[in-house]
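J.: build me a structure from this.
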Amino acid sequence: MYQKILIIGNLGGDPEMRYTPTGQAVTNFSVATNRQYTASDGQQVKETVWFRVSAWGRQAETCNQFLKRGSRVLVEGRLNADPATGGPRVWTKQDGSPGASFEITAQTVRFLSTAQEDQANQGSAMAEPQEEDDIPF
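T.: Numbers count the residues shown, from 1 in each chain. Now for the predicted structure:
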């Protein structure tokens, strides 16, 4: 059996790299995917889905070196289910509403922003879905 997920979105924050006790590099970062559509009642609906991504080895080091908050990336990888629920990781936001994130182990991370775009987008609307209450990590 086999599964693969492919997402394109923007980093919600700077990547965080660490090393396992065996010396293996791992970098974690969050990616927001956005969708906008018109509902049947004519209202514009903005939908953001968050993914927590883990990259390993040399790819982890490269992601940590070149990605920044707002960077646009394409991530191809394996979706990881929460062991407790078999689905996404669920938590309660600070305002009491439920939140969920999906976790991906990256096989490929492609950088879609140029360095100049990343610099221009630092703190701009490119990383629009950034609301600290909505990010569980």
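J.: after the longest helix along the chain, heading C-terminal, what element do we hit next?
T.: Longest helix of the chain, by residue count under DSSP state H: helix 57-66. Sequence-wise, the next helix or strand downstream of helix 57-66 (DSSP states H and E) is strand 72-80.
J.: list the helices and strands that next one packs on?
T.: Using 3 or more CB pairs under 8 Å, 6 or more residues apart in numbering; DSSP states H and E as the contact definition, the elements that strand 72-80 packs against are strand 5-11, strand 44-56, strand 98-111. Heads up, the C-betas are built off the backbone N, CA and C, glycines and all.
J.: after it comes which helix or strand?
T.: Defined by DSSP H and E, the subsequent element after strand 72-80 is strand 89-92.
J.: follow-up on the earlier one: in the longest helix of the chain, what counts as buried?
T.: Residues of helix 57-66 classed as buried: 59, 60, 61, 63, 64 (neighbour count, 16 or more other CB atoms under 10 Å).
J.: stretch 40-53 too?
T.: Those would be 48, 49, 50, 51, 52, 53, for stretch 40-53 by 16+ other CB under 10 Å.
J.: which one of the helices and strands packed on strand 72-80 lies closest to residue 72?
T.: strand 5-11 (5.4 Å; CB to CB).
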